[in-house]
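**Q** Here's my sequence, what's the structure:
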Amino acid sequence: MTTFSLTLLGLGAMGQALADTALDAGHSLTVWNRTSGKAGELTGRGATEAGSVREAMTASEVIVVCLYDHASVQAVLDAEAETLRGRTLINLTTTTPEEAREHAAWSEQRGITYLDGAIMATPSMIGSPDSVILYSGSQNAFDTHRELLDAWATSTYDGDDAGLASLWDLAMLSGMYSMFAGFLHGVAMLQSVAIPASSYAQRAAPFLAAMTELLGHSTEHLDTGDYSQPLQSLEWTTTLLETINRASREQGITAAPVETVQRLIQQQIDAGHGVEDFDRIIESMRAATQVQ
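**A** The predicted structure is shown next:
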């Protein structure tokens, strides 16, 4: 196994997990955190704690960044841009696709090899094959440091456009959080009559899993824009959602998750597409971005 000398900037919960796993894999590790005092356990295992960002960067050819957000990455890196010249920068901070591309352009201008990463895992999952980290940007950096990356998670390379890993990540999370919001809305409906969340979860989990099989149906017309063969029409769906909305009000809870979908449907019905498939609401989403 090839071992690397790397520097990790950021020792939050995710940074700590990345550092622990890198040490487990036998890599030489230098760490830095804006707030001191978080590296004690790591230094006890052989890591070196740098006293400054410059000291941390000069310690290794591979710099891994896992900070709070785009702005914090900019603030840390801008101050020591020249120190990074000729090094490889792997940014695992959650950003938007355009922010990732901005980091990539900034790096290219300064002679820095840039690889962007999007972590699709919780800290406790790092080091497990069940965790996934998506990468985009420099393929050379991805290939060269693949063993390090695979120590953290199952690694996927999505192309040289540095924004793609972030775009994939946030698109997946959008589906997840929307599903969670719907699940919680269902819990609230049943808790209004003292039915516990555990009872709802027992029934909802297999039902929702079965419904994901319909995603294959959606892909057939989402790419073509032909919604003329509905599995479930917009007119039928809006009637059902209005019933859920009324039931929610009767139980004394908000119908906000359902109302969001209702608004998207109504825009398409108003445009004359009521008999077409439910998936046509994606056109309402696209229209919103065009208006902005």
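
**Q** in this protein, which helix has the most residues?
**A** Taking DSSP state H as the criterion, the chain has its longest helix at helix 164-191.

**Q** In the stretch 101-250 of the chain, where is pLDDT below threshold?
**A** For the stretch 101-250 of the chain, applying pLDDT under 70 flags no range at all.

**Q** the helices in it, which residues?
**A** Along the stretch 101-250 of the chain, the stretches classed as helices by DSSP state H, counting those that start in this stretch are 139-144, 146-152, 164-191, 197-211, 215-222, 234-250.

**Q** S131 is nearest to which of those?
**A** Among those, the nearest to S131 by C-beta to C-beta is helix 146-152 (7.2 Å). Where you see a C-beta, it was placed from the backbone N, CA and C, and this is true even at glycine.

**Q** and the longest helix of the chain, which residues are buried?
**A** 164-169, 183, 185-190 (16 or more other C-beta atoms under 10 Å).

**Q** Name the nearest residue to the most centrally placed residue in the chain, ignoring sequence neighbours.
**A** In the chain, the residue lying closest to the centroid (C-alpha atoms, centre = their mean) is D169, at 3.5 Å. Leaving out its chain neighbours, the residue that sits closest to D169 by C-beta to C-beta, 6 or more residues apart in numbering is A118, at 3.4 Å.

**Q** do the same with L149
**A** S155 (4.3 Å).

**Q** That neighbour: how many residues sit nearby?
**A** S155: 19 surrounding residues under other C-beta atoms under 10 Å.

**Q** in the sheet, who's paired with the residue nearest to D169?
**A** L134 (DSSP bridges).

**Q** my guess is it contacts L164, does it?
**A** No. A118 is beyond contact range of L164, at 9.1 Å (criterion: C-beta atoms under 8 Å).

**Q** So for those two, which residues contact both of them?
**A** Residues within reach of A118 and of L164 at once, by C-beta atoms under 8 Å, 6 or more residues apart in numbering, are L134.

**Q** if we can go back for a sec, could the helices of the stretch 101-250 of the chain be laid out in JSON lines, adding distance to I269?
**A** Listed next are the helices of the stretch 101-250 of the chain as JSON lines, based on distance: least, C-beta to C-beta, whole Å:
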{"stretch": "helix 139-144", "distance to I269": "46"}
{"stretch": "helix 146-152", "distance to I269": "47"}
{"stretch": "helix 164-191", "distance to I269": "21"}
{"stretch": "helix 197-211", "distance to I269": "23"}
{"stretch": "helix 215-222", "distance to I269": "18"}
{"stretch": "helix 234-250", "distance to I269": "6"}
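
**Q** pretty sure the residue nearest to L149 contacts F142?
**A** Yes. Between S155 and F142 there is a contact under C-beta under 8 Å: 7.4 Å.

**Q** So for those two, which residues contact both of them?
**A** Taking C-beta under 8 Å, 6+ apart as the contact rule, S155 and F142 both touch Y135, L149.

**Q** Give the helix, strand or coil label for E55.
**A** Here E55 is helix, with the state taken from DSSP: H, G, I helix; E, B strand; the rest coil.

**Q** State the number of residues packed around it.
**A** Neighbours of E55 (other C-beta under 10 Å): 16.

**Q** Likewise for G127?
**A** Number of residues near G127 (other C-beta under 10 Å) recorded here: 19.

**Q** for the helices of the stretch 101-250 of the chain, which one sits closest to G26?
**A** Of all the helices of the stretch 101-250 of the chain, helix 146-152 comes closest under C-beta to C-beta, at 9.0 Å.

**Q** What helices and strands are in contact with that closest one?
**A** With contacts taken as 3 or more C-beta pairs under 8 Å, 6 or more residues apart in numbering; DSSP states H and E, helix 146-152 sits against helix 13-24, strand 132-137.

**Q** so how far is H145 from the nearest residue in space to R45 that is not next to it in sequence?
**A** Closest residue in space to R45, ignoring its immediate chain neighbours: L23 at 5.1 Å, by C-beta to C-beta, 6+ apart. Distance of L23 to H145, computed by C-beta to C-beta, to the nearest Å: 16 Å.
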